[in-house]
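Asker: Based on what follows, work out the 3D shape:
(chains A, B, C and D)
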Number of protein chains: 4
Amino acid sequence: MIKRLGVLTSGGDAPGMNAAIRAVVLMANAHNIDVVGFRHGFNGLFEDDCQTLLPQHVQHIIQHGGTLLKSARCKALQLPGGPAQAADALHRHQLDALVIIGGDGSFRGALAIAEHYRGQIIGVPGTIDNDVDGTDYTIGFATAIDTALDAIDKIRDTADAFERIFLVELMGRHSGYIALSAGIAAGAEQIICPEFVQLTADNLKTVLSPIRHAQLLRGKSSYIMVVAENSYPGGTTALAQALSDELGVECRACILGHIQRGGSPVGADRILATKLGAFAVEQLVAGAHLMMAGELNQQAVLYPLDKTGDRAKQIDPYLVRWQQLIASD
Amino acid sequence: MIKRLGVLTSGGDAPGMNAAIRAVVLMANAHNIDVVGFRHGFNGLFEDDCQTLLPQHVQHIIQHGGTLLKSARCKALQLPGGPAQAADALHRHQLDALVIIGGDGSFRGALAIAEHYRGQIIGVPGTIDNDVDGTDYTIGFATAIDTALDAIDKIRDTADAFERIFLVELMGRHSGYIALSAGIAAGAEQIICPEFVQLTADNLKTVLSPIRHAQLLRGKSSYIMVVAENSYPGGTTALAQALSDELGVECRACILGHIQRGGSPVGADRILATKLGAFAVEQLVAGAHLMMAGELNQQAVLYPLDKTGDRAKQIDPYLVRWQQLIASD
Amino acid sequence: MIKRLGVLTSGGDAPGMNAAIRAVVLMANAHNIDVVGFRHGFNGLFEDDCQTLLPQHVQHIIQHGGTLLKSARCKALQLPGGPAQAADALHRHQLDALVIIGGDGSFRGALAIAEHYRGQIIGVPGTIDNDVDGTDYTIGFATAIDTALDAIDKIRDTADAFERIFLVELMGRHSGYIALSAGIAAGAEQIICPEFVQLTADNLKTVLSPIRHAQLLRGKSSYIMVVAENSYPGGTTALAQALSDELGVECRACILGHIQRGGSPVGADRILATKLGAFAVEQLVAGAHLMMAGELNQQAVLYPLDKTGDRAKQIDPYLVRWQQLIASD
Amino acid sequence: MIKRLGVLTSGGDAPGMNAAIRAVVLMANAHNIDVVGFRHGFNGLFEDDCQTLLPQHVQHIIQHGGTLLKSARCKALQLPGGPAQAADALHRHQLDALVIIGGDGSFRGALAIAEHYRGQIIGVPGTIDNDVDGTDYTIGFATAIDTALDAIDKIRDTADAFERIFLVELMGRHSGYIALSAGIAAGAEQIICPEFVQLTADNLKTVLSPIRHAQLLRGKSSYIMVVAENSYPGGTTALAQALSDELGVECRACILGHIQRGGSPVGADRILATKLGAFAVEQLVAGAHLMMAGELNQQAVLYPLDKTGDRAKQIDPYLVRWQQLIASD
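Answerer: Numbers count the residues shown, from 1 in each chain, chains lettered A, B, ... in the order given. Coordinates of the predicted model:
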């Protein structure tokens, strides 16, 4: 029986992490389970940096960006003996279970701890990148899309006013979820992401020909390319320079960067975070261990924690096809 | 073979209708199909109020609220002979198919026309109310949630500052989708919607007791009730008055109203609209008739147009249970 | 010499109050002055509800709506003996000065306390209504305008889509600052505020004729009237009904209400609050008493606290003339 | 007597340019003056790229970013004979006057044309940089501040969550108006702009010591530096790298870029644009020539067009002093 559980947020922070913490605390409270929050991700375990979390501590945090528990990557956990030390901390705090809110990197850390830990471990997928298997969406992804859209819509205004070509770099680590979704939603003329093409200085032609086509045939008033980070050697600024050189027209780069991690979470992220945080606690009570609480087809489900990084999740093929149809147009 | 199709937006307008029109036009263009847009819903058929829609007409409208084709309810279609007259207009314009973007009321109108029309008819679900069967979400619903949230978050600020009780009335016609989703996402202390309770002056107790409980036990700094429209005889203002009288504390009502229909669509609505608008045209080409293009489990699907109003779609039972757990807390 | 000062927020809350509290605390800290914050406006004095405010308490609150000190109206201060009792509390807390952030009603309360208080008193104008003399703008006004605009822009979307007439009621107590500014900024077809016309059921003609003119001559796609609260007996809903009856066209009312008090303050309000909060402390140090820290022509100035409610401040006559020109057009 | 006037937007686009165009057209219409809009700034004169602007063309554009007339820099005007050619175009179109909406660079172009033009010329200050003399604020500045704030608030979320140091680069060409205003409004820990310090690799100490001070003494959870563009050789990315090297802590750069030029204008910009656009036309009618329509102390005024680039306008010294006080804290 679970009497006491720990919770932490780990890895890159994402909008909705606070909402997930809140759901964990409220659901635990409904089951008369005490909650201890560790700060700065797994570091809180090593440094005994923690706080009791009562319902009043999570009041009115559902709408706040960031995470009240802070997030971080944790070097100590990577060291030999690190996972055992973390497990010791959990035992010392008499925690029957641990909830990790983060991405698949954080889940790998949790799996390492599990080898030494007598309690239960469950993950909740919190990352803007949506690159976690076992859930249709990760917490923070929907907000990151809308933050990106807000920026791209503004760039469209000025691009239209000046009839310019803009490259907008979005986050996503090694996946194109954010770029594809935001690009389609923004009506971007072109989207460059790893799933479409591996771009180098030598195969710029695939990128150039739709631009030339658009300029010649359609008299487009502006041209926006959404670029996933890590799509071009040297980055998006270098790509903009290369395109400017080829086209003889100024192409400007705009790097959104960490803005995409912040902001009040949108409704979809708040609801997903609430659902998965609550479900995680319920499933711990029911005995779940080494699982992730995900949502598939709008249904909360459990998914093996060690399979969340398999990269089996596919970008919506319909949207991929749509964009290729439009871009070639 | 489809050479020419008509498109119109009908019923209450919803954010994302423009994105759907754009997708219809771009996909039709890819299939070398001409598009005629009728204005003011079905009225455009009766009044010959229409325009050719080329790709350049839908450039950069994906981010705009409202609908460039205007929307309306249509009395002429309700009259005897109305549907036949509408079908005549479609024949006169040599349209092989018609795309209706709207809710299930608009789809009923389309079914009536279909009895006299030789071409194909397909529906695309556009309404903020999410009360259409055959699709997990309707176009506009996600934006309406976020518009409501933005307002409720602001009210939370002032409610907190003043320690007041607020009732926020949201739209939804006869369904509680918007109220439940926005209420949970806002962390509302109570949600009143038809699916939970049919409220009258005589059973106010179910509403009052959680308020009293919260005030006594939790020292809440503010108390927000999200109320679906049509939840109380006399409206939410009357309900606020009744609660004020019972509690001896001022309860204020805030009626969001039509704000929820406007605004730039969020990413989820732009993507859904793009997907369903494009899919509708592809399915017309493939022979679909009397169907709605919906999305179930992230997959674009066809659903019989005459079943979209069956009210078989259920509010997420997990969220219903969550809210009851929290509210009773 | 001031060693210790009190600060409170009083009356209707306004975005930027937190920014003003922060500036008071940071500037006091720079002068080695301790700060005590009273909660719930003047009530905090009567109930000894207060807290020491250090720089870390006001970290990262500049962007938050509401007020961390809570606001309230205070009945105890209105009672005979109330002001003397409040002064006693200030003496008991050994406060050399008091900063009141609020509107002219709160300043009247402060003047009453001053008759019994040996320390210095200074006011900082915080109210969305902009109805305080001695300052060009009050803290919160700019944010309230932009919140109203955001709502009216959304209503414009749906009004355009449906070709409807909408009445949008804005706050402002007995002044038309918000209505005029937001109305002009929204491009409202008509603005109704006390400064323009005292409307009754008998002189609806002045309102009706521009609507008829617009409908007949300009084929306007939508018609938005911005209405200051308290502009019509029975309220804006009653006015909408009266107009619907006269015009034979549905006119819908939208009451923005308390949404206008919330939200993250815009830049102009954060800067004004920072400037006036800091200036108030500097002027207390310099000996100011019974003054308000205001801003005139971008210059921080002192203004007699007992003259802030004289209603001498005028709505920009150029904008009044502009609107009359446009509306009659 | 003016029967016909031209209008164009020139230089970097700014939110509110559409609102200014609208005001020019509506006020001209009230004076029975025809309006011709030239596209792409002065280029429209050289390429005869223009359109008649009637009131219906400017309906509902007040809330839109960008400029419907497009903006651009114009090489043809810089060539020998360019100004005379532009004046010829104005004569050929029988224009009695020209309204230029732009910054002081555009006004210099206008002055060159004036030497060959028989009509009247007036400027309206439209640029986000606020670096035009003769007006307290330029059209677009307030919106750019709020766009920057929105981004910095989001970065604060993630900076807080991760306890990181962020550098946010804002626009402003060679002035620090945007950086100072946005930095203060965001509660930035440090602001770097030309008016404060001319930074090089050799005097990084002035920047480093407040960071070290803050880290040691205050345990700040995040540290945000707002940096005006052109503040450091090699740009803000290079500065971030230099600081990272010195501090041994990762400092991340975020370059907002052109996002700041886009977006729906805030109320202050819409009102300023409306006032100055209308005033410009009224003053042309009254005989003004070679003047700019500005606003000083909330009063519309005329200012000599050839003095708008004198760089005599000062950043608010009170705010400069405040930031130095806070940063040294």
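Asker: and the most centrally placed residue in chain A, what does it touch?
Answerer: Closest to where the C-alpha atoms of chain A average out (Cα atoms, centre = their mean) is A:I128, at 1.9 Å. Shown in contact with A:I128 (Cβ atoms under 8 Å, 6 or more residues apart in numbering or on different chains): A:12, A:14-15, A:138, A:140-141, A:143-144, A:171, A:178, A:260-261. Where you see a C-beta, it was placed from the backbone N, CA and C, and this is true even at glycine.
Asker: In CSV: these, plus neighbour count and distance to A:A28.
Answerer: Below are the contacts of A:I128 laid out as CSV (neighbours: other Cβ atoms under 10 Å in any protein chain shown; distance: Cβ to Cβ, whole Å):
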residue, neighbour count, distance to A:A28
A:G12, 25, 25
A:A14, 35, 21
A:P15, 35, 22
A:T138, 32, 22
A:G140, 32, 22
A:F141, 31, 25
A:T143, 29, 25
A:A144, 33, 28
A:M171, 25, 32
A:I178, 27, 32
A:Q260, 28, 30
A:R261, 27, 26
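Asker: which among the residues you listed gets closest to chain C?
Answerer: Checking these against chain C with Cβ to the nearest Cβ, the nearest one is A:P15 at 15.0 Å.
Asker: Dump the lowest-mean-pLDDT helix or strand in chain A to PDB, restricted to CA.
Answerer: Least confident helix or strand, chain A: helix A:205-218 with a mean of 79, by mean pLDDT, DSSP states H and E. This file holds the C-alpha atoms of helix A:205-218, laid out as PDB (Å, rounded to 0.1, in the frame of the first residue of the first chain):
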ATOM      1  CA  LYS A 205      18.300  22.200 -54.600                       C
ATOM      2  CA  THR A 206      15.300  20.400 -52.900                       C
ATOM      3  CA  VAL A 207      14.800  23.500 -50.800                       C
ATOM      4  CA  LEU A 208      15.500  26.100 -53.500                       C
ATOM      5  CA  SER A 209      13.200  24.800 -56.300                       C
ATOM      6  CA  PRO A 210       9.900  25.300 -54.500                       C
ATOM      7  CA  ILE A 211      11.000  28.900 -53.600                       C
ATOM      8  CA  ARG A 212      11.900  29.700 -57.100                       C
ATOM      9  CA  HIS A 213       8.600  28.100 -58.300                       C
ATOM     10  CA  ALA A 214       6.600  30.100 -55.800                       C
ATOM     11  CA  GLN A 215       8.300  33.400 -56.700                       C
ATOM     12  CA  LEU A 216       7.900  32.900 -60.400                       C
ATOM     13  CA  LEU A 217       4.400  31.400 -60.700                       C
ATOM     14  CA  ARG A 218       2.500  32.700 -57.800                       C
END
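Asker: So which other helices or strands are in contact with that helix?
Answerer: strand A:190-192, strand A:223-228, helix A:235-247 (3 or more Cβ pairs under 8 Å, 6 or more residues apart in numbering or on different chains; DSSP states H and E).
Asker: what's the helix or strand for the one residue in the stretch 101-250 of chain A that gets nearest to chain C?
Answerer: With Cβ to the nearest Cβ as the measure, A:D150 is the residue of the stretch 101-250 of chain A nearest to chain C, at 13.2 Å. For A:D150, the element it lies in under DSSP states H and E is helix A:141-162.
Asker: Including distance to A:N297 and pLDDT, could the contacts of A:I128 go into CSV?
Answerer: Output for those, formatted as CSV (distance: Cβ to Cβ, whole Å; pLDDT from 0 to 100):
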residue, distance to A:N297, pLDDT
A:G12, 26, 93
A:A14, 22, 97
A:P15, 23, 98
A:T138, 16, 98
A:G140, 20, 98
A:F141, 17, 98
A:T143, 22, 98
A:A144, 22, 98
A:M171, 26, 93
A:I178, 22, 96
A:Q260, 27, 96
A:R261, 28, 95
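Asker: before we move on, back to that, residues near the residue of the stretch 101-250 of chain A closest to chain C, how many?
Answerer: As a burial measure, A:D150 scores 24 neighbours (other Cβ atoms under 10 Å in any protein chain shown).
Asker: gap between it and D:I259?
Answerer: Using Cβ to Cβ, to the nearest Å, A:D150 is found at 9 Å from D:I259.
Asker: try A:D306
Answerer: 40 Å.
Asker: The two: which is more packed in?
Answerer: Per other Cβ under 10 Å, whichever of A:D306 and D:I259 has more neighbours is D:I259, with 26 against 16.
Asker: Point out where chain A drops to low pLDDT.
Answerer: Within chain A, the stretches with pLDDT under 70 are A:216-220, A:328-329.
Asker: redo that, cut-off 80
Answerer: Low-confidence segments of chain A (pLDDT under 80): A:163, A:195-197, A:214-221, A:327-329.
Asker: that older thread, quick check, nearest of the contacts of A:I128 to chain D?
Answerer: Taking Cβ to the nearest Cβ as the measure, chain D sits nearest to A:R261 out of those, at 3.9 Å.
Asker: Give me the distance between the closest one and chain B.
Answerer: Noted for A:R261: a distance of 16 Å to chain B, by Cβ to the nearest Cβ, to the nearest Å.
Asker: for that residue, what are its contacts?
Answerer: A:R261 neighbours (Cβ under 8 Å, 6+ apart): A:12-15, A:65, A:128, A:140, A:144, A:171, D:154, D:157-158, D:161.
Asker: what's the answer for A:C74, then?
Answerer: Here A:C74 is in contact with A:10, A:40-43, A:46, A:109 (Cβ under 8 Å, 6+ apart).
Asker: With A:L8 as the reference, measure out to it.
Answerer: Taken as Cβ to Cβ, the span from A:C74 to A:L8 is 10 Å.
Asker: between these two, what contacts are shared?
Answerer: Between them, A:C74 and A:L8 share the contacting residues A:41-42, judged by Cβ under 8 Å, 6+ apart.
Asker: export stretch A:274-284 as PDB, just CAs?
Answerer: Taking C-alpha atoms only, stretch A:274-284 is exported to PDB below (Å, rounded to 0.1, in the frame of the first residue of the first chain):
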ATOM      1  CA  THR A 274      -4.400  16.700 -15.200                       C
ATOM      2  CA  LYS A 275      -5.500  13.400 -16.700                       C
ATOM      3  CA  LEU A 276      -2.100  11.800 -16.700                       C
ATOM      4  CA  GLY A 277      -1.000  13.100 -13.300                       C
ATOM      5  CA  ALA A 278      -4.200  11.800 -11.700                       C
ATOM      6  CA  PHE A 279      -4.100   8.500 -13.700                       C
ATOM      7  CA  ALA A 280      -0.400   7.900 -12.700                       C
ATOM      8  CA  VAL A 281      -1.300   8.000  -9.000                       C
ATOM      9  CA  GLU A 282      -4.400   5.800  -9.400                       C
ATOM     10  CA  GLN A 283      -2.300   3.300 -11.300                       C
ATOM     11  CA  LEU A 284       0.400   3.300  -8.600                       C
END
